[in-house]
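Colleague: from the sequence below, what's the structure:
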Amino acid sequence: MHRSIRLALPAVAAASALVLTGCGDDSEPPFGVGAEDIQIPDDSDLPDVPDPEVPGGEEEQPDVPDLGDEDMPDLGDIPGSSPFDGEWYVDPADTDASPNFDIYFGQVSFTDMGAYEGDLCYGTITEDGAITLDECSMYGNDEWTDMSATAEVNDDGTMNVTWSSGATETYQNVA
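Modeller: The predicted structure is shown next:
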């Protein structure tokens, strides 16, 4: 009797595994549940959920005033800014070839002959327009050697720069 139970147990275990994994007849779904037994509700079966309430409703919301350009401060009202701040070019129509100053909050970057040849220099400008270039990276054949200048913003919005060598240039702000 012990011998028949030992042979029957592995057979029962194998049959149980086949039933649990769904192996066998492909026409019947495993565990008796098929795709046709699963129902997904369409939108008509879903309950209506009200929109969240907005306190006061849309009609009672206050109007937000339009801040026109006249309400915006100019650069003179921003602490630390100066009339020298901006992007300055000798020839704004050809910004790639024009000498250029970028001046913001007392920091200066200067390109002497535009992107084609110009050295790139960095330095500072004081409130009275004294420009000091601390270092330059040489690009091209000509090295920039004028390391100081004086700048003055004119009434027409242009900026005159007089270099320590005596050369003077007039720049226009495009920013």
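
Colleague: quick one: the closest residue to residue 148 other than its chain neighbours from residue 155, how far?
Modeller: Closest residue in space to residue 148, ignoring its immediate chain neighbours: residue 164 at 4.7 Å, by C-beta to C-beta, 6 or more residues apart in numbering. Where C-beta positions appear, they are placed from N, C-alpha and C, glycine not excepted. Between residue 164 and residue 155 the distance is 25 Å, computed by C-beta to C-beta, to the nearest Å.

Colleague: higher neighbour count, those two?
Modeller: residue 164 (12 against 5; other C-beta atoms under 10 Å).

Colleague: now do the phi/psi pair for residue 166.
Modeller: Dihedral pair for residue 166: phi 100, psi -10, per degrees, to the nearest 10.

Colleague: my bad, residue 90
Modeller: Per degrees, to the nearest 10, the backbone of residue 90 is at phi -70, psi -40.

Colleague: for it, give its distance to residue 119.
Modeller: As judged by C-beta to C-beta, residue 90 and residue 119 stand 15 Å apart.

Colleague: OK, contacts around residue 142?
Modeller: 112-113, 117, 119 (C-beta atoms under 8 Å, 6 or more residues apart in numbering).

Colleague: any idea how far residue 119 is from residue 145?
Modeller: Residue 119 is 9 Å from residue 145, by C-beta to C-beta.

Colleague: more crowded one of the two?
Modeller: Counting neighbours by other C-beta under 10 Å for residue 119 and for residue 145 shows that residue 119 has the greater number, 18 against 12.

Colleague: could you report the distance from the more buried one to residue 155?
Modeller: 31 Å.
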